[in-house]
Each structure stands twice: as structure tokens, then as C-alpha cells.
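Enquirer: sequence first, then the predicted structure, then my questions.
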Amino acid sequence: MDGEPAPEDLRSDAPKHVAWQRVLLARHPKRPHSLDYIERLFTDFSEIHGDRTYADDPAVVCGMGFFDSHPVMIAAEQKGRDTKQKLYRNFGMPKPEGYRKALRVMQIAAKFSRPVITFLDTPGAYPGIDAEERGQAEAIARNLREMSRLPSLVISICIGEGGSGGALALGVGNQVFMMENAVYSVISPESCAAIVWRDSTKAELAAAALRLTAEDLLNFGLIDGIIPEPLGGAQEDPEGAAELMRSKINQALKELGRFSANELVQQRYMKFRRMGNFFTSAATLTLQAGD
């Protein structure tokens, strides 16, 4: 069809198969999920259930615990491993009550001056009619707003799939990291291919065009660092992957721990304001707006 880009028109600096391999590793059935990391990284974890409005959402796990003897609050997206768990966790797709539960935990963190650590791992927010009726978009938007001005240190880690607003609703952090084989994108490769070429089998090509790998996002300045994984991927050595993550979290806590509450909010605000800004100065922005 006229005006549609041909597959060869969309190119990536990395070979197509590299990006697609990252997608497959991010979705590996044995890849560690949030609860696997919580078990290995935190002690005395106590889960909080419910959003105090409607219900509990098993796709989002929230609670409090200790990270190397320091009290922290945790909000994490959780997938299931077998069929029963996948259904229980809604395939890792949160509903509004999940995001509201996460916000409840963040508000507790702000009240008691505790750091917040979030784990992102979802193909996207649940798009079902029941979720829409209960305010899915509003819940995501509210989290984005409240996280942007939360007076607590926030560290966000994409451990598998970072699916659009479903992941971003827990991803407004002072520092945002990705596991080496994680992916983070506004849309899945299959859906992108179905829209652009009306052919979901071109997902491998779409994965390269979307620039969704950790290396891509680090080069664009959208994340702050990459957490390396054991050879073959985190699923080959969950303990080793957790220790590599522990080191990065420790480093981030030390770097950000010297900031006051106001400085944390300002640092986070400026960090996200810079994303996608192609203007070099306020004067340039004003001039072009006047044109």
C-alpha cells in the first residue's frame, strides 16, 4: 500500500536476530520473575494485599522488607510459570487495582522515608473491558503523576518484558536499570509488525526497528544502566543474576542516598524531562515555538 514503509526501509545498527533473541530470552519460560528476585534479595518480606478500593491484583506483588538490613518498600509485576499460575497472575498484566496497590505502597514509603524498589515485567496493562470500566488509564496516569513527585528514592529495574504504559506505571525512578536480556518498548514486536506490515510473522524485523534492547535504550539515554546476566541468560543461574542485581542496587542506593527529598524529586523530574528533548536550550525552544 502506498505510503507504508517496506521492511527493508527499517534498519537497525544491530542485526535483526540479535534484538529478537533478546525478546525470546526476556520471555524464556524459566527466566526468574519478580518473586524469585525478592526471595533472593530481601529478608523479612511482608506482602501487602488489596488497593482498599476494589480488590487485590495478583499480577502486582507489593510489600516491605529489608535489603542488606535497610528497610525498603517493593512493588513488582509478577508473571506465572505454569498454567495455573499464569491464570492466577493474569499473565503478568496488571489491572487498575494492581496499580493502586502499588501507589499505596509508595505512599507508605513517602510517609516513612523509605526507598522504593520496583520490578518491571509485563507484556502490558490488562486491556479487558472490566479493567477499562474500573479506570485502567486513570490508574496508570495517576501512578505516573504521583511517582514523578514522590519524596522517596525510587529504583526501577526491568527484569524481563517492559510493556508500554503497563511497565512505565511502575517505572518512573530516580535510576532505571534493565537486565542485559530484558526488553522495554511501547508495543510488542508482533503487534508492531501487524500494524506496520499487517503481518505478525515479521516480528523479528519489528524487534530490530523498535530499538527495544537494553543497549539501545542506554544509548538513547532512556535508562541509567544495564545489569549483566550470567552466560546464557538469568535463567541459567538465578542466584548469580540476583547477586549482580544486588551490586547495582547497592550502588544506586549509595549514589542517591545523599539526596534530600526535594533533590530526589527534582532529579527525577529533570531526568524524565530530558527524554525526547531535541532542543539545545530554552531560547531555542522559545524561538521555534514562535515560528
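Expert: That came in fine, so what should we check first? Residues are numbered from 1 along each chain as shown.

Enquirer: now the strands for the stretch 101-250 of the chain?
Expert: 116-122, 154-163, 175-179, 183-185, 225-227 (DSSP state E, counting those that start in this stretch).

Enquirer: export those as TSV, with columns for mean neighbour count, mean pLDDT and distance to Val196.
Expert: C-beta: built from backbone N, CA, C; applies to glycine. Shown next, in TSV, are those (neighbours: other Cβ atoms under 10 Å; pLDDT from 0 to 100; distance: least, Cβ to Cβ, whole Å):
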stretch	mean neighbour count	mean pLDDT	distance to Val196
strand 116-122	28	97	23
strand 154-163	27	96	18
strand 175-179	26	97	24
strand 183-185	26	96	14
strand 225-227	18	97	28
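
Enquirer: in TSV: those strands, plus distance to Phe66.
Expert: TSV is the format used below for the strands of the stretch 101-250 of the chain (distance: least, Cβ to Cβ, whole Å):
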stretch	distance to Phe66
strand 116-122	12
strand 154-163	15
strand 175-179	20
strand 183-185	28
strand 225-227	21
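
Enquirer: can you check which of those gets nearest to Ala59?
Expert: Ala59 lies closest, by Cβ to Cβ, to one member of these: strand 116-122, at 7.3 Å.

Enquirer: in stretch 180-196, what counts as buried?
Expert: 180-185, 187-194, 196 (16 or more other Cβ atoms under 10 Å).

Enquirer: between those residues, which is nearest Gly124?
Expert: Checking the buried residues of stretch 180-196 against Gly124 with Cβ to Cβ, the nearest one is Ser188 at 7.4 Å.

Enquirer: not counting sequence-adjacent ones, nearest residue to the closest one?
Expert: Of all residues not flanking Ser188 in the chain, Pro123 sits nearest, at 6.4 Å (Cβ to Cβ, 6 or more residues apart in numbering).

Enquirer: the one you found against Asn90, yeah?
Expert: No: assessed by Cβ atoms under 8 Å, Pro123 is found out of contact with Asn90, at 10.5 Å.

Enquirer: near Arg273, how many other residues are there?
Expert: 10 (other Cβ atoms under 10 Å).
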